[in-house]
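Peer 1: curious how this folds, go ahead:
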Amino acid sequence: MQQLEALTREAASLASGERRVIPILSASEAEVGRQMQICNACRYCEGFCAVFPAMTRRLEFGRADIHYLANLCHNCGACLHACQYAPPHEFAVNVPRAMAEVRGQTYADYAWPPALGRLYQRNGLTLSLALAAALALFLVLAVASTGSLWGGRLEGNFYRLFPHNLLVGLFAPVFLFVVFALGKGVSRFWREITPATGGAPLHAPAAAEAADAVLRLKYLDGGHGEGCHVEDDAYTLSRRRFHHLTFYGFLLCFAATSVATLYHYLLGWQAPYELPSLPKLLGVAGGLSLMIGTAGLWRLNRRRHPLHGDPAQKPMDLGFIALLFLTSASGLALWLGRGTPALALLLCLHLGAVMALFATLPYGKFAHGIFRTAALLRHAVEKRQPNPIGLGAD
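Peer 2: Coordinates of the predicted model:
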């Protein structure tokens, strides 16, 4: 029935003189299509993750399907190590790398505004650290010009150095821009990967399944519950655990900021807050979790098998990890050093790291979580529909 509706729409568009533009695949997109055709004939990895069940619902792989599958892939490496056609076989099937190359391309293609999409290729480790250092240096010089950089009479209250309204004025517009830019990008992505027929409607069971897959990082279990491959054929759950520490550490830090905002504007309770206040408990727990998680991800990223993923994206990955680590480490250092003469210097370092992190969020590795969530939601909706190429599909 869905195929009949699609054919009816196509006939109507042709009758009205409309022309469909068939997008030309890039080299990396064409490579994913080639490998998916081979995998669709083999199907040995059908139960490994969400990519392969989604693959079996297709006979051809257009640009939208390739973008959808690439963002559905979690790059666990299980299919590469199980594949009989992996390099050095002449078929050279390497799904993790092919998917990673397209995934990086989608971040740039759907970036908003489009002119800034090229920042994905330039957002490397050196650029991230240089931006954080430059912003911190600017703040240090500004504070030093007032004579308050070391040993100022702050009494542990950094709002005496940077007033609350000034910080809100600096960060609120950037935060709103980040939300808007990522929202525009993922909405374009969602429209592309949703069939022209409108697809199945969103409903609670599908949304709950997608949320469960995101919050548990379900598909980082290697398809068998034993975890991902790192530098060899051994399984490990460390990648999943460090991702959890990083993800939930970030959420805890965001929750700390949100609660502090409510304290300030609704209850009139002014910062700084001390233990055992809720903002401080959330912030300390989140900072520690972020530090451990990002340190672990850095180590795993440096040790990963060279056939896993796209080597060209490693600088962007490491840059994002480094900024997260610097943000959490400088935040904890600021809290521990709040009663010392170094408070102003530590605050400048922390604000520099936070500003650099915010500035690169829409154009760095942070986007992968947003696009993957959309792909998982699409998969949860799609799997509840009849298989269009299964028995009785006509």
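
Peer 1: now do stretch 246-255: everything it contacts.
Peer 2: For stretch 246-255, the external contacting residues (CB atoms under 8 Å, 6 or more residues apart in numbering) are 217, 282-283, 285-294, 297, 324, 327-328, 331, 369. C-betas here are computed from N, CA, C, even on glycine.

Peer 1: distance between that stretch and the chain's centre?
Peer 2: Centre-to-centre, stretch 246-255 and its host chain are 14 Å apart (CA atoms, centre = their mean, to the nearest Å).

Peer 1: looking at this structure, which helix or strand is least sure?
Peer 2: Counting by mean pLDDT, DSSP states H and E, the chain has its least confident helix or strand at helix 2-15, which shows a mean of 48.

Peer 1: grab the nearest non-local neighbour of Glu226.
Peer 2: Tyr235 (3.9 Å; CB to CB, 6 or more residues apart in numbering).

Peer 1: pull up the gap between that neighbour and Arg118, please.
Peer 2: Distance from Tyr235 to Arg118, counting by CB to CB, to the nearest Å: 37 Å.

Peer 1: the two: who's more crowded?
Peer 2: Tyr235 (19 against 12; other CB atoms under 10 Å).

Peer 1: out of the contacts of stretch 246-255, name the ones that lie in helices.
Peer 2: Secondary structure assignment by DSSP state H places 282-283, 285-294, 297, 324, 327-328, 331, 369 of those in helices.

Peer 1: which strands or helices does the helix ranked longest in the chain pack on?
Peer 2: If you go by DSSP H, the chain has its longest helix at helix 164-193. On a contact count with 3 or more CB pairs under 8 Å, 6 or more residues apart in numbering; DSSP states H and E, helix 164-193 meets helix 63-72, helix 343-360, helix 367-382.

Peer 1: any idea which of those gets closest to Gln84?
Peer 2: Among those, helix 63-72 comes nearest to Gln84, with 20.6 Å by CB to CB.

Peer 1: surely Leu245 meets Ala285?
Peer 2: No: with contacts counted by CB atoms under 8 Å, Leu245 stays clear of Ala285, the gap being 10.8 Å.

Peer 1: more neighbours: the two, which one.
Peer 2: Neighbour count, other CB under 10 Å: between Leu245 and Ala285, Leu245 has more, with 20 against 16.

Peer 1: ok, that one - contacts?
Peer 2: Ser289, Leu290, Ile292, Gly293, Gly296.

Peer 1: quick one, which of the helices and strands packed on helix 164-193 gets closest to Pro87.
Peer 2: Pro87 lies closest, by CB to CB, to one member of those: helix 63-72, at 19.4 Å.

Peer 1: next secondary structure after the closest one?
Peer 2: Later in the chain than helix 63-72, the nearest helix or strand by DSSP states H and E is helix 78-82.

Peer 1: so what does that next one touch, helix or strand wise?
Peer 2: Judged by 3+ CB pairs under 8 Å, 6+ apart, helix 78-82 is in contact with helix 95-109, strand 228-229.

Peer 1: give me the sheet partners of the shortest one and which way each runs.
Peer 2: Based on DSSP bridges, the strands next to strand 228-229 in the sheet, each with its direction, are strand 235-236 (antiparallel).

Peer 1: now the next helix or strand after the strand it pairs with: buried residues?
Peer 2: Later in the chain than strand 235-236, the nearest helix or strand by DSSP H and E is helix 238-262. Across helix 238-262, burial judged by 16 or more other CB atoms under 10 Å covers 239-250, 252-253, 255-256, 259-260.

Peer 1: also stretch 304-317?
Peer 2: The neighbour-count check on stretch 304-317 (16+ other CB under 10 Å) flags Arg304, His308, Gly309, Asp310, Gln313, Pro315, Met316, Asp317 as buried.

Peer 1: who are the contact partners of the last one?
Peer 2: So the one you mean is Asp317. Asn301, Lys365.

Peer 1: make 48 the first number, not 1, from now on.
Peer 2: With the count now opening at 48, the last piece we talked about shows up as Asp364.

Peer 1: where in the stretch 148-297 of the chain is pLDDT low?
Peer 2: By pLDDT under 70, the low-scoring segments of the stretch 148-297 of the chain are 198-204, 243-247, 278-279.

Peer 1: ignore what I typed, I meant the stretch 298-441 of the chain.
Peer 2: 437-441.

Peer 1: could you redo the last one with a cut-off of 50?
Peer 2: In the predicted model, the stretch 298-441 of the chain carries pLDDT under 50 at residues 438-441.

Peer 1: and stretch 123-132, end to end?
Peer 2: End-to-end distance for stretch 123-132, by CA to CA, to the nearest Å: 18 Å.

Peer 1: which residues sit against that stretch?
Peer 2: 85-86, 89, 91-92, 95-96, 98-99, 133, 138-144, 266-271, 274-276, 280, 286, 352, 354-355.

Peer 1: for stretch 144-155, same thing?
Peer 2: Outside stretch 144-155, the residues touching it (CB under 8 Å, 6+ apart) are 73, 75-76, 78-79, 82, 98, 113-114, 116-118, 120, 122, 127, 164-165, 167-168, 236, 354-357, 359-360, 363, 410, 414-415, 418.

Peer 1: repeat for stretch 272-279
Peer 2: 123-125, 127-128, 267-269, 282-287, 347, 350-352, 355.

Peer 1: pull the CA atoms of it into PDB?
Peer 2: The C-alpha trace of stretch 272-279 is given here as PDB (Å, rounded to 0.1, in the frame of the first residue of the first chain):
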ATOM      1  CA  GLY A 272      26.800  -8.000  25.200                       C
ATOM      2  CA  GLU A 273      30.600  -8.400  25.600                       C
ATOM      3  CA  GLY A 274      31.500  -4.900  24.200                       C
ATOM      4  CA  CYS A 275      33.500  -3.300  21.400                       C
ATOM      5  CA  HIS A 276      36.800  -4.200  19.900                       C
ATOM      6  CA  VAL A 277      39.700  -1.800  20.700                       C
ATOM      7  CA  GLU A 278      43.100  -2.600  19.300                       C
ATOM      8  CA  ASP A 279      42.700  -6.300  18.800                       C
END
